[in-house]
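# Sequence plus predicted model, see below.
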Protein chains: 2
Amino acid sequence: MKLPVDEDRLRADIEANAAFGAVEYDEPDKRGRTNRTGTPANRRARDHLVDRLEAANLDVSVDAVGNITGTWTPPSADQTNAPVASGSHLDSVPEGGIFDGPLGVYAALEAVRAMQDAGVEPVRPVTVVSFTEEEGGTYGDGLLGSSVATGELPTEEALSRTDADGDTLEEALSRIGYRGEGRLDPATWDGFYELHIEQDTTLERAGASVGIVTTITGITHYAVTIEGEANHAGATAMGERTDALAAASEFVLDVERAATEIVETESETAVATVGSLSVSPNATNVVPGRVEAGVDIRDIHREPMEALVSAVRESLDRVVTTRGVTTEAQRPFDVAPEPMSDRLRGDAHVAAEAAGIEAIDLHSGAAHDTMRVARVTDASLLFAPSRDGISHNPREWTDWADCATATTVLAGAIARTAGVKTSEGPTTD
Amino acid sequence: MKLPVDEDRLRADIEANAAFGAVEYDEPDKRGRTNRTGTPANRRARDHLVDRLEAANLDVSVDAVGNITGTWTPPSADQTNAPVASGSHLDSVPEGGIFDGPLGVYAALEAVRAMQDAGVEPVRPVTVVSFTEEEGGTYGDGLLGSSVATGELPTEEALSRTDADGDTLEEALSRIGYRGEGRLDPATWDGFYELHIEQDTTLERAGASVGIVTTITGITHYAVTIEGEANHAGATAMGERTDALAAASEFVLDVERAATEIVETESETAVATVGSLSVSPNATNVVPGRVEAGVDIRDIHREPMEALVSAVRESLDRVVTTRGVTTEAQRPFDVAPEPMSDRLRGDAHVAAEAAGIEAIDLHSGAAHDTMRVARVTDASLLFAPSRDGISHNPREWTDWADCATATTVLAGAIARTAGVKTSEGPTTD
């Protein structure tokens, strides 16, 4: 069965969402947005989603941390059946692309509309989901909404988190009208699908339209502080300095070198990044006294991740010895690699085959809300191609036809898991 | 002749000034302030100075860029004689110390008061000066007020400079009431003395109380941009990255290495610093796409400075080749090394000897307004000791007794240059 996904309708939703927090560029190949939790842009993106869910006759609900759901319960569905859920997130990194997150939310809605248009009636309700603060950066390190929903992060702890201005998440959500009630509970779902852009070039290189993820990477974040001594850049001789930025520069290169070595010798999927670095006092004429750096370590295997963690610690120990700085390191975020559900992956493969669409297996190097959901119910992550693998960047791009093709597989998979009769007969009893 | 400098009166002025923009610390050895041009703290510091100048019966004047002067014309002075000026600045770097600048302003005022108290009457008027925006960072790279006064920077160009929020200097000065009229003209001065903290350990190591500067360092600033490609930290394999921060880290270490080599082989006074570095998008989970860095190069000789400039360019060329980044470099600030006036240095040495105070010759690795003034009239820079050589830091410290001792030499030198009769007879005809 191939469901009649409407590319124009899907595109119109994603384009409308792209306007909220849009950033203007002179280059025609850049299309960016900054949509951070609790901002006016974020409120408008949420309002638009709620409008679109209601326009498709879905029952909308908002939980305490602003997770939004819209549930379609067709006459055919047994209300006591656990629903099949699908979705992603609407927030973005600063100057992120327009597909990372919104594609998965609106593809899930489009899947429901395609079933409605085709007169397809599943025996399970279908729930469209938008999780709060997937990207992190405003209220923590990411996956906030799905972490609360799956019980990993207490609701009150999430709500009391503060942004850089000291505003709590609760204040921010209240201000934009999305501080709802209760806790969304994915454990009550029969299964969960998330469609996302790949953010790498595996599909592009294979010429495949859809990826079906086998395992989502594990992630560790390190927050590192290197303290030297701020001093006058002109009056402090080279031999008398304790330059925190020079020490941090060695650290950045050590982390890069360690990851490259592990890729060559142990695990080609391993990555390590010093993504953020802030210098104090950060004036041209002052020797840097203090640097704060954020390190991101990932792999689909635990052992290479721990080897990179050791490399981070060894590099810090080294600059303490060789440069006389002091260092601190905290590990505020750590999630293990997460395998996906064989049952849902099977349904996705069958749906792709039935629609005549080539789908390949691959792993995810990016974190997704699915990795939280996978701890409490069956979960599957599908990928659409990313041009040049670029994401978290206004040059992120996925052709609209590819969005529609991947959404066709998503819709077929949801329908199959939700128990729609196909030519092969019912798939759920 | 030893003039009766009042340590407690000098200290009270500097302590009062330290309260404007004071930063609180838990550590008892930290005493910091942030006093940026045009801020409320800056207005209060200026108001206090004007009060103190007027209390000593000086005629106060403010020029178009907010340079403040107070002139003492005793009955003995011939109004047609060119005055002897002395001063420094009141602004600070973020979280700077309490002596860098204010010591020189209030020591000049204390020198006048000491002459008044002693009934000493010079034949030249004496002008106390406070230059605007010496440190830079808010409206350019520093020495703004002295650059305007000496004709190096057009008044209108200075007034139209904007801070990070887009406020012009003119708006900022108007807001705090220090957008005066005309242009202070140091070319009309007979000579200029500036007393400043050393910001290095030469005096401390020599056990001397006062330094008399032979040459002020030359300074070049480079503003460097390194552009790579922002990308997802998890989904972008190590081999597929163009990481702007990793490239910048090589650059920071190249600059440090080049300066260390030049110190060892060519000029022990050379220094080079990457003092500022800003990363975009600066999120832990994004491969850095762009880095902006500020480089500071100094020496008392031109050739080693140019060798360091070449090293900066070579390092940028190298990361373009090896890492595929693009780079830009601008040189927004460049001043040549500046020798001090032999006549004024001689007067300072005589004044130190007459007061029984040990003074030694040294060079200045820091820029000072004096290097601008030296282009249009005779100028001399005196140093008081800095504990551990620390400055541009809340741990900056100079003992109050050392402040008074250096002020005693300053007062004697001003008196000598201004033509006060001493036991050896008149020094100016």
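Received, thanks.
# CA atoms for contacts and neighbours, from now on please.
Noted.
# Okay, domains of chain A per the record?
Following automatic domain parsing, one finds the domains of chain A at A:7-217+A:337-426, A:218-333.
# burial measure for A:R11, as a count.
Using other C-alpha atoms under 10 Å in any protein chain shown as the criterion, A:R11 is surrounded by 18 other residues.
# Surely it touches A:W400?
Yes - counting by C-alpha atoms under 8 Å, a contact exists between A:R11 and A:W400, whose distance comes to 6.7 Å.
# And the residue nearest to A:V5 when sequence neighbours are not counted, which helix or strand is it part of?
Distances taken as C-alpha to C-alpha, 6 or more residues apart in numbering or on different chains place A:A114 nearest to A:V5, at 5.2 Å, with adjacent residues excluded. Taking DSSP states H and E as the criterion, the element that holds A:A114 is helix A:102-118.
# Residues contacting that helix, please?
Outside of helix A:102-118, the residues that reach it under the criterion C-alpha atoms under 8 Å, 6 or more residues apart in numbering or on different chains are A:3-6, A:9-10, A:13-14, A:17, A:53, A:56, A:72, A:86-90, A:121, A:126, A:128-130, A:194-197, A:403, A:407-408, A:410-412, A:414-415.
# Let me know the pLDDT of A:P426.
At A:P426, the predicted lDDT confidence score is 41.
# no, scratch that, I was asking about A:S249
Listed pLDDT for A:S249 reads 98.
# swap in A:D141?
Each residue has a pLDDT score; the one for A:D141 is 81.
# That one - that's part of a strand, no?
No - membership of A:D141 in a strand is not supported by DSSP: H, G, I helix; E, B strand; the rest coil, which gives coil.
# and it, what are its phi and psi?
Backbone torsions of A:D141, given as degrees, to the nearest 10, read phi -100, psi 10.
# Assign the closest residue to it other than its chain neighbours to helix, strand or coil.
Nearest residue to A:D141, sequence neighbours excluded (C-alpha to C-alpha, 6+ apart): A:F333, at 6.7 Å. Going by three-state DSSP, the secondary structure assigned to A:F333 is strand.
# what does the stretch 1-150 of chain A put close to chain B?
Contact residues of the stretch 1-150 of chain A with respect to chain B, defined by C-alpha under 8 Å from any C-alpha of the partner chain, are listed as A:94-95, A:137.
# what's the burial count for A:S310?
As a burial measure, A:S310 scores 13 neighbours (other C-alpha under 10 Å).
# What strand or helix carries it?
In this structure, A:S310 sits in helix A:302-323 according to DSSP H and E.
# who touches that helix?
The contact list for helix A:302-323, computed with C-alpha under 8 Å, 6+ apart, reads A:218-220, A:242, A:247, A:250-251, A:254-255, A:258-259, A:262, A:266-267, A:270, A:272, A:297-299, A:325-327, A:336-337.
# mind listing which of those are in strands?
Secondary structure assignment by DSSP state E places A:218-220, A:272, A:297-299, A:326-327 of the contacts of helix A:302-323 in strands.
# hmm, back to that, out of the domains of chain A, nearest to B:A293?
Each of the domains of chain A has some distance to B:A293 by C-alpha to C-alpha; the shortest is domain A:218-333, at 8.0 Å.
# I figured A:T225 was touching A:A329, is that so?
Yes - in terms of C-alpha under 8 Å, A:T225 counts as a neighbour of A:A329; the distance is 6.4 Å.
# tell me the SS of A:G239?
Classification of A:G239 using three-state DSSP returns helix.
# To what extent is it buried, counted in neighbours?
Taking other C-alpha under 10 Å as the definition, A:G239 ends up with a neighbour count of 10.
# So what's the predicted local confidence for it?
The predicted structure lists A:G239 with a pLDDT of 94.
# was I right about the residue nearest to A:D141 contacting A:T220?
Yes - counting by C-alpha under 8 Å, A:F333 does reach A:T220; the two are 5.6 Å apart.
# is it possible to export the domains of chain A to TSV including distance to B:N231?
TSV is the format used below for the domains of chain A (distance: least, C-alpha to C-alpha, whole Å):
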stretch	distance to B:N231
domain A:7-217+A:337-426	5
domain A:218-333	10
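# Any idea which of those domains gets closest to B:G21?
For these, the distance to B:G21 is smallest for domain A:218-333, at 15.8 Å, taking C-alpha to C-alpha.
# now do the same end-to-end measure for the closest one.
Across domain A:218-333, the terminal residues are separated by 10 Å (C-alpha to C-alpha, to the nearest Å).
# Could you do stretch A:331-341 as well?
In stretch A:331-341, first residue to last residue: 29 Å (C-alpha to C-alpha).
# So A:G97 sits against A:I390, correct?
No - the criterion here is C-alpha under 8 Å, and A:G97 misses it with A:I390 at 9.1 Å.
# what sits in contact with each of those two?
Where contact means C-alpha under 8 Å, 6+ apart, the residues bridging A:G97 and A:I390 through contact with each are A:396-397.
# which of these two has more neighbours?
Per other C-alpha under 10 Å, whichever of A:G97 and A:I390 has more neighbours is A:G97, with 27 against 24.
# Next one: that one from chain B, what distance?
The gap separating A:G97 from chain B is 11 Å, by C-alpha to the nearest C-alpha, to the nearest Å.
# residues contacting that residue?
When contacts are counted by C-alpha under 8 Å, 6+ apart, A:G97 is found next to A:31-33, A:391-397.
# that older thread, following the chain onward from the helix holding A:A114, which element is next?
For helix A:102-118, the following helix or strand on the C-terminal side (DSSP H and E) is strand A:126-131.
# send the alpha carbons of that next one over as CSV?
As requested, the backbone C-alpha atoms of strand A:126-131 are provided in CSV (Å, rounded to 0.1, in the frame of the first residue of the first chain):
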residue,chain,number,x,y,z
VAL,A,126,-2.2,7.8,15.9
THR,A,127,-0.5,10.5,17.9
VAL,A,128,1.5,13.4,16.4
VAL,A,129,4.2,14.6,18.8
SER,A,130,6.4,17.7,19.2
PHE,A,131,8.9,17.5,22.0
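# What are the buried residues along stretch A:164-184?
For stretch A:164-184, burial by neighbour count (16 or more other C-alpha atoms under 10 Å in any protein chain shown) applies to A:168-174, A:176, A:178-180, A:183-184.
# want to throw those residues into CSV with distance to chain B?
As requested, these are exported to CSV (distance: C-alpha to the nearest C-alpha, whole Å):
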residue, distance to chain B
A:T168, 20
A:L169, 19
A:E170, 23
A:E171, 23
A:A172, 21
A:L173, 22
A:S174, 26
A:I176, 24
A:Y178, 25
A:R179, 26
A:G180, 29
A:R183, 27
A:L184, 26
